[in-house]
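Enquirer: Provide a 3D model corresponding to the input given below.
(3 chains)
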Amino acid sequence: MDRRYRLKKSSDFQRVRNTGKTYTHPLFVLIYVPNTTMQTHIGVAAGRSIGNAVQRNRAKRRLRACIQPWLKQLIPGVDIILIARKPLLTASYDHLAKALAKALQINHILTDEEYAS
RNA sequence: CAGGUCGGUCGGGCGAUUGCGGUUCUGUGAACACAGGACUGAGGAAAGUCCGCACUCCAAAGAGCAUGGCGCCGGGUAACGCCCGGGGUGGGGUAACCUGCCGGAAAGGGCCACAGAAACAAUACGCUGUACUAACUUUUUUAGUGCAGUAAGGGUGAAAAGGUGGUGUAAGAGACCACCGGCAUCUACAGUAAUGUGGAUAGCCAGGUAACCCCCGUCAGGAGCAAGGCUAAACAGGGACAAGUGCGUAAGCAGGGAAGUUGCUCGCUUCCUGAUAAUUCCGAGUUCCGGGUAAGCCGCGUGAGGUGCGUGAAAAUCGUGCCCAGAGAGAGAUGAUCGCCCAGACAAAUGACAAGGAAACCGGGGAUGUUUCCGCCUCGUUUGUUGGACAGAAUGCGGCUUAUAGACCGACCUGGCCG
RNA sequence: GCCCCAGUAGCUCAAUGGACAGAGCAGUAGCCUUCUAAGCUAUUGGUUGUGGGUUCGAAUCCCGCCUGGGGCG
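Expert: Residues are numbered from 1 along each chain as shown, chains lettered A, B, ... in the order given. This next block holds a predicted model:
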């Protein structure tokens, strides 16, 4: 995932978490809110409860790898935060990819839903 | 062959598809962005942040005190609380080997609960002598009080004042004697030294604790890359606080005041040292408070760097040759999905070796030998299943500590068998 | 990343190196009350975060880990 499309500032994270809509799944938490810049930003986070530094990094990498194929089909102008949860470390890739795709469809963030389905 | 000890090395490999960070090249295009290519991208502990340095800022990094660390000896180093070698003194192991401790308790202070007579000293449980009193009364003995002597005795305790035996005495005591042990001073030899082995002298006054204070020696100025420097933007043009004197025309000097020196003092550095009749106003600063910005660049990787050879008892210690192209993020890159292989583990089949067991034979009998069958363990081959731990750079190094599936190499020890 | 601090009963806190580590609240049982609350009495509950060391003796002193918390530009 290119660095341009990432959510960076701490204040941005605070804004999205305070004003955004939340969708909870056993593997992750998805928070999103529309912005005014027509540019998509995605932030990935993993808390201390996930484990040590290796496990936190792995969780974030897997989430980035899963969101990668959907980048071009997202509605422009949305800020998204993905927060990893503990079972994500042991889940298979297929399981995680399907769960994430379903989450994106339900929340109507994709531009072309027929292609996505 | 089995079990173990010590030291060292490695800590999965190759490929495909698709992504990310860094450097660089090419093309398009106005800055600057986009597209494509090439090279490259975590560790032995990157961890804990426990020590030591480099580096940066505090004017320079000065003195004394305080505070803190360290503490047998020698060597190494930029330095260390680290490493190597040696010494003393305990503990564990059959052994190889592992492991605790290390200046001073005769400079001084404190503490040593309970128990005990007493915890370093005497208002003495006891023992002995003696005077007096009382009981009984033939002597004796017993009890109490006073005086004097005593650390031998029992028992207490973690610990009881050199030990054993004797002389001696009213009872006792290194008071004296013999042997043994420890300490101090002087001294000879060996060793760079710690120290070791001897000799002489007088003495036993000298319990433990310094991870209690302390004394001696030695080291340390403080803060930390969010250090610090530059650029841009933004807010504000704020509030608090002292001295306010003398000489001099003035500059300045002296005195005074504020701040800094990340504890204190000295020293040093910076700044201030005015008005008014009066209330009062003014009043510096690298000070304090309050407010604002959290964007970019540098610091930032050639370094106490790797590696071969030599030197050395050893310490990647020193000397020397060669190679340096190869991580530098900033919500923080090195990933995701597969395929093949390789250590290793388990199961099955099969082969080799074979502790041993059974039967038969040779032989008068035994030791022993020969043949056949069964065969723990170990190793090899094939097939199947499974299968790689601890863990992620964030200024950089030297150590320490802690976590870690396993694999390999070398040296040594113990036991069994064979020659 | 760098630098600090703390850990004692279920909770909040005490304890000069010295006997079985205390106090309040909470819990349990009893008394009181028609019943409950309040009150009174008794009682339960601790590897002093953990592993070593110093000491005759450690919650306390020293060292290593674990867990939790705080600060900075």
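
Enquirer: any weak-confidence spans in chain A?
Expert: Applying pLDDT under 70 to chain A flags residues A:1, A:111-117.

Enquirer: let me know the helix or strand that the residue nearest the centre of chain A is in.
Expert: What sits nearest the mean C-alpha location of chain A, by CA atoms, centre = their mean, is A:L82, with 3.4 Å. Element membership for A:L82 (DSSP states H and E) is strand A:78-84.

Enquirer: which residues does that strand contact?
Expert: Contacts to strand A:78-84, defined as CB atoms under 8 Å, 6 or more residues apart in numbering, come from residues A:7, A:12-13, A:15-17, A:20, A:27-35, A:40-47, A:50, A:56, A:59-60, A:62-63, A:67, A:74, A:109. (Each C-beta comes from the backbone N, C-alpha and C, glycine too.)

Enquirer: give the partner strands of it in its sheet and their orientations.
Expert: strand A:28-34 (antiparallel), strand A:41-45 (parallel) (DSSP bridges).

Enquirer: report whether it contacts RNA strand B.
Expert: No - using CB under 7 Å from any atom of the strand, strand A:78-84 stays clear of RNA strand B, coming no nearer than 8.1 Å.

Enquirer: can you check stretch A:39-50 too?
Expert: Yes - shown here: stretch A:39-50 in contact with RNA strand B (CB under 7 Å from any atom of the strand) through A:G43, A:V44, A:A45.

Enquirer: from those residues, which is closest to A:L100?
Expert: Closest to A:L100 out of the residues of stretch A:39-50 next to RNA strand B is A:V44 (11.9 Å), distances taken as CB to CB.

Enquirer: my guess is that closest one contacts A:N57, does it?
Expert: No - with contacts counted by CB atoms under 8 Å, A:V44 stays clear of A:N57, the gap being 10.4 Å.
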